[in-house]
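[1] Predicted coordinates and the sequence they were generated for:
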Amino acid sequence: MTETPDYELADSLELSTPEQYRALFEDMRTEIVMLLLERAATTSELAELLGRPKGTVGHHLKVLEEAGLVRVVRTRKVRALEAKYYGRTARTFYYQAINEARGLSQRTLADVSAEITQLPAELADQVNVNLRYARIPADRVAEWNERVGDLLVEFGTQPRSGETTYGLAIALYPTGRNSLPESEGRG
């Protein structure tokens, strides 16, 4: 088993510039930074995995690097060339729902739903989806969001092993759902 990822990085980075938002919230660049949570990778490795030309992936890596979201974490001599291995600058990127990040939660849930819907029958039986509703005070929402975030980070830092990559999707969201009024008690 290998530590995830296989390079040093900060625990978190709060996005603070429009360049960071433009860089991160483009589909291919989002996929690149997600892949780099597994391990550092070269442009060629990413291009092969993503099914895209090296030049296209290289362009996206350059945008991410200029925004401070990825960096070269090591190099290796391959024949006469020096292979650059890219890694994220932080395990978790924190952001506000502004600019390119607007609507990201909805797009993410739609992507997860599509991914689950397209699973072959033999994998569909492994899906565990549950839903609960609870009336909680507004001041507890931040606490729950932090706990959910901690669980996602813990899941994402599991040592690499096994044959299948699993996804963990969690959503905490306000609803317009009606609820029962307070009980008048029994007596």
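    Nice, thanks for sending it over. Numbers count the residues shown, from 1 in each chain.
[2] so who does the closest residue to Lys54 other than its chain neighbours touch?
    Excluding the flanking residues, the one nearest Lys54 by CB to CB, 6 or more residues apart in numbering is Ala47, at 4.4 Å. Any C-beta I mention is one placed from the backbone N, CA and C, and that applies to glycine too. Contacts for Ala47 (CB atoms under 8 Å, 6 or more residues apart in numbering) come out as 53-54, 56-58.
[3] how close does Glu8 get to Asn130?
    From Glu8 across to Asn130, the span is 36 Å (CB to CB, to the nearest Å).
[4] cool, and Pro159?
    26 Å.
[5] So for the two, which sits in the more crowded spot?
    Taking other CB atoms under 10 Å, Pro159 and Asn130 do not tie; Pro159 has more neighbours (9 against 4).
[6] The more buried one and Thr4 touch, don't they?
    Yes. Under the criterion of CB atoms under 8 Å, Pro159 makes contact with Thr4 at 6.1 Å.
[7] rewinding a little: dump the contacts of Ala47 into JSON lines; add pLDDT and distance to Thr165 as well.
    JSON lines is the format used below for these (pLDDT from 0 to 100; distance: CB to CB, whole Å):
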{"residue": "Pro53", "pLDDT": "97", "distance to Thr165": "24"}
{"residue": "Lys54", "pLDDT": "96", "distance to Thr165": "23"}
{"residue": "Thr56", "pLDDT": "97", "distance to Thr165": "23"}
{"residue": "Val57", "pLDDT": "98", "distance to Thr165": "20"}
{"residue": "Gly58", "pLDDT": "97", "distance to Thr165": "24"}
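[8] Which ChimeraX command selects the buried ones in the residues you listed?
    Per 16 or more other CB atoms under 10 Å, the buried members of the contacts of Ala47 correspond to this ChimeraX selection:
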select :57,58
